[in-house]
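Novice: Can you look at this prediction? I've put the sequence above it.
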Amino acid sequence: MASQHRSTTTREATAASAASETALETARRQLDRVAAQLDIDDAVIERLSHPRAVHEVTVPLERDDGSVEVFTGYRAQHDSVRGPYKGGLRYHPDVTRDECVGLSMWMTWKCAVMDLPFGGAKGGIVVDPKSLSDGETERLTRRFAQEIRDVIGPNTDIPAPDMGTDPQAMAWLMDAYSMQEGETIPGVVTGKPPVIGGSYGREEAPGRSVAIVTRESCDYYDYPLAETTVAVQGFGSVGANAARLLEEWGATIVAVSDVNGGVYDPDGIDVSAIPSHDEEPEAVTRFATDLDEGDDVSRISNSDLLELDVDVLVPAAVGNVITADNADAIAADIVVEGANGPTTFAADTILEERGVHVIPDILANAGGVTVSYFEWLQDINRRQWSLERVNEELDAEMKTAWNALKNHVERRDVTWRDAAYAVALDRIGDSHEMRGLWP
Ligand SMILES: NC(=O)C1=CN([C@@H]2O[C@H](COP(=O)(O)OP(=O)(O)OC[C@H]3O[C@@H](n4cnc5c(N)ncnc54)[C@H](OP(=O)(O)O)[C@@H]3O)[C@@H](O)[C@H]2O)C=CC1
Ligand SMILES: O=C(O)CCC(=O)C(=O)O
């Protein structure tokens, strides 16, 4: 490969002062930083700084009262050199074009870190899913499927759940797509319910991988799980499943939260007693309201949770929560990124200087897309795996990826994020060079 190291760019330099960054800004700054350390052709890095395509659609919805509202939807497709585009669909009021692009870049790296034969994509609709009835969500999802039908498919771009979407939404998407095709095509989405070709264990998988990576990092840095305290922000597909598994494996979960705030008990919270977001949204704060006087649990804000003096912090809700404004106050020794992009580039630099170990999203929550890959294989073969097999294979894939990163961390004395990018970019760069740079 051409040996043209990039110098620090203005993008990177200006980042240091910005407390808040868009997902796209963070993703590009991370890419520039690692490109400067690696022997990768500048042309490849320049190509990877931009998505291949971003599809913007309008999605009309007839509300239950008969009125019509039009929502904006996106599908950003970043890179497909290693296989079909892959990534979730997010229903959230803050979804933007740039957010989808940044998240699609992270999907490209994530799939490469896990050595999956996929590229990266991400999409979503600018909507508050809590403002929709079940019927409205179904009509919106079916219409969105219709609007993006030409750019998705089992061999081209395969959506999956993300924040605000769930297996039911994937079932509607698959059904809408299949009806148009005139045959059942389960492989067009992953994260479906198992009864229609979904994989056992997919819903829990991103939380499971966060737990596995937390276990490996605690082992690496010599924190026995039975003596380890953990705070988890967000109690959804990722946060609740990670918290429950870590509790099962002996860790003490001292704090969890939902969108309204969190609960904290230094002696540990019984997280299995709190419904997760998909079981009952906003249940964490409702749990706090139901507590008897005398219980040792106190209510805290989401920002207080991030600053708790714990061994491990797991931000597992929205992005951009650890910024230059609070990075100095993060008291955890290890941060395991359950969410996508919870740490801005500027905050990452501060945490690195302070010796806080950050295990990046593109490894930590990669269990979701890894089991999505298992699901895709099961759909192709029309053969369902047992939950035990899924979990065993996920554990093995996560350990393989962890060891590849560990190798870089030890050999080159770099951060875990730099190591993850190095592994990913090496695989992606080689694929681009082999195929002729611009596939
Ligand atoms: N689902 C997946 O397959 C994967 C998801 N991810 C990433 O993980 C993160 C969480 O996704 P997921 O678990 O699926 O989402 P869910 O929708 O299942 O749950 C989100 C959780 O975060 C809480 N929350 C929402 N907004 C905030 C906020 N501003 N501050 C604190 N908590 C908040 C919600 O609270 P409430 O219940 O009150 O609404 C809920 O508990 C996202 O960054 C997503 O991209 C990564 C890999 C895979
Ligand atoms: O399962 C997938 O395809 C993607 C999940 C996702 O969106 C993510 O990992 O951020």
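Specialist: Done, it's in. Ligands and ions are numbered 1, 2, ... in the order given.
Novice: CA atoms for contacts and neighbours, from now on please.
Specialist: Noted.
Novice: tell me which strands and helices the helix or strand hosting Q30 is in contact with?
Specialist: Taking DSSP states H and E as the definition, one finds Q30 inside helix 23-37. Packing partners of helix 23-37 (3 or more Cα pairs under 8 Å, 6 or more residues apart in numbering; DSSP states H and E): helix 10-15, helix 42-48, helix 97-113, helix 345-354, helix 416-435.
Novice: Just want the angle from that helix to helix 345-354.
Specialist: Interaxial angle of helix 23-37 relative to helix 345-354 (axes from the mean of the first three to the mean of the last three Cα atoms, to 10 degrees): 50 degrees.
Novice: Deepest in the core, which of the helices and strands packed on helix 23-37 is it.
Specialist: Mean neighbour count (mean count of other Cα atoms under 10 Å) peaks for helix 97-113 among the helices and strands packed on helix 23-37, with a mean of 27.
Novice: what bridges to the nearest residue to T190 once chain neighbours are set aside?
Specialist: Distances taken as Cα to Cα, 6 or more residues apart in numbering put A160 closest to T190, at 5.0 Å, once the chain neighbours are dropped. On the basis of DSSP bridges, A160 is bridged to G88.
Novice: Quick check: A160 touching R90?
Specialist: No - at 9.1 Å, A160 does not count as touching R90 under the criterion of Cα atoms under 8 Å.
Novice: near ligand 2, which residues of the stretch 51-200 of the chain show up?
Specialist: Residues of the stretch 51-200 of the chain lying near ligand 2 by Cα under 6 Å from any ligand atom: K86, G87, G88, P159, A160, D162.
Novice: Go again with 8 Å.
Specialist: Within the stretch 51-200 of the chain, the positions adjacent to ligand 2 are 86-89, 103, 106-107, 110, 122, 158-162, 189-191 by Cα under 8 Å from any ligand atom.
Novice: just the helices in the stretch 151-300 of the chain please.
Specialist: Here the stretch 151-300 of the chain has its helices, by DSSP state H, counting those that start in this stretch, at 167-181, 205-220, 239-248, 283-289.
Novice: hang on, the earlier thing: do you know which of the helices and strands packed on helix 23-37 lies nearest G73?
Specialist: helix 97-113 (8.8 Å; Cα to Cα).
Novice: What is the subsequent helix or strand relative to that closest one?
Specialist: Counting by DSSP H and E, what follows helix 97-113 is strand 120-126.
Novice: Please name every helix or strand in contact with that following strand.
Specialist: So strand 120-126, by 3+ Cα pairs under 8 Å, 6+ apart, packs with strand 68-79, strand 85-92, helix 97-113, strand 157-161.
Novice: gap between it and the chain center?
Specialist: 12 Å (Cα atoms, centre = their mean, to the nearest Å).
Novice: Ignoring the adjacent residues along the chain, who's closest to D157?
Specialist: Counting by Cα to Cα, 6+ apart, the residue nearest D157 is Y85, at 4.3 Å.
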